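> Coordinates for the following, if possible.
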Amino acid sequence: MTTISSSSPAATRDRSAIRVGIVDDHALVSETLALVLNDKGFIAHALRPTQISDVAPFVAEHELNVILLDLNLQELGLSVPVIPQLRELGCRVIVLTGDTTRPLWGACIEAGAETVMSKAVSFTELLERVTELLDEVVGRPRTETYELLECLREHREQERRRLAPFAHLTVREHEVLLALTLGMSADDIAASMYVSLTTVRTHIRSILHKLGVSSQLAAVALAIRAGWDGAPAPAHA
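Sure thing, here's the model as predicted:
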């Protein structure tokens, strides 16, 4: 596989050395972008993956060294976990997205992406930006990279604080609280879990104590405000 050095003058002169893979769930956009990039002298191929495992063979088949990666692959989910795999294959990754969530952009950088580029522009502007990046083969300015990573760190810390009250609940207490948020009574919960009403009430008392509230209604309200969904609180960033 051909490698590209951002410090090599030849990288900006010989576009044919830049073998670009476009991984996007919108075939028309990716195929059009590949066609235009080929016309501009790059070697470009498009892939609309049906499963994540399609990406590695695509890279190997065409000996790609740069990937334009759509962030949201629809039914396949976010492509962030694919970025480290692509880096291991020797590819530099430019993420394309219409999402403006800065912590998510930071997650892409943390995973190894060179840069994140907004798709919320005209096709002409997108093409100009992609062409410029490919010619220069550089990522975001280091200061902006640091800002995105800091944004991600702050987001994780906010998430940790938001869900901290629920971190000490046991697995069964998580289940009981989740049932309460769904509007189930203690009797309903006991029947569904095949335990006694006394056991459920013991779990509820423990939940109220750990959350620092005095009623089931207050516990449910706290869970809803925090956006708690039954999952454990995240670890420190």
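> Give the helix, strand or coil label for the residue of the chain most remote from its centre.
Here the centre of the chain is the reference, and by Cα atoms, centre = their mean the most remote residue is T198, at 42.7 Å. Three-state call for T198 (DSSP: H, G, I helix; E, B strand; the rest coil): helix.
> for the chain, what spans make up the strands?
Using DSSP state E, the strands of the chain run over residues 19-23, 43-47, 66-70, 92-97, 115-118.
> Next one: A17 relative to Y194, how far apart?
The gap separating A17 from Y194 is 66 Å, by Cβ to Cβ, to the nearest Å. C-betas here are computed from N, CA, C, even on glycine.
> Stretch 180-198: end-to-end distance?
Terminal residues of stretch 180-198 lie 16 Å apart, using Cα to Cα, to the nearest Å.
> Give the buried residues for that stretch.
For stretch 180-198, a neighbour-count test (16 or more other Cβ atoms under 10 Å) marks L180, T181, M184, A186, I189, A190 as buried.
> Can you name the two of those that sit furthest apart?
T181 and A190 (16.7 Å; Cβ to Cβ).
> sorry, back to before: what would the buried residues of stretch 180-198 look like in a markdown table with distance to V130 and pLDDT?
A markdown table is the format used below for the buried residues of stretch 180-198 (distance: Cβ to Cβ, whole Å; pLDDT from 0 to 100):
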| residue | distance to V130 | pLDDT |
| --- | --- | --- |
| L180 | 50 | 91 |
| T181 | 45 | 89 |
| M184 | 52 | 91 |
| A186 | 58 | 91 |
| I189 | 54 | 91 |
| A190 | 59 | 92 |
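> Let me see the mean pLDDT of the longest helix anywhere in the chain.
Criterion DSSP state H: the longest helix present in the chain is helix 142-163. Confidence for helix 142-163, expressed as mean pLDDT, is 70.
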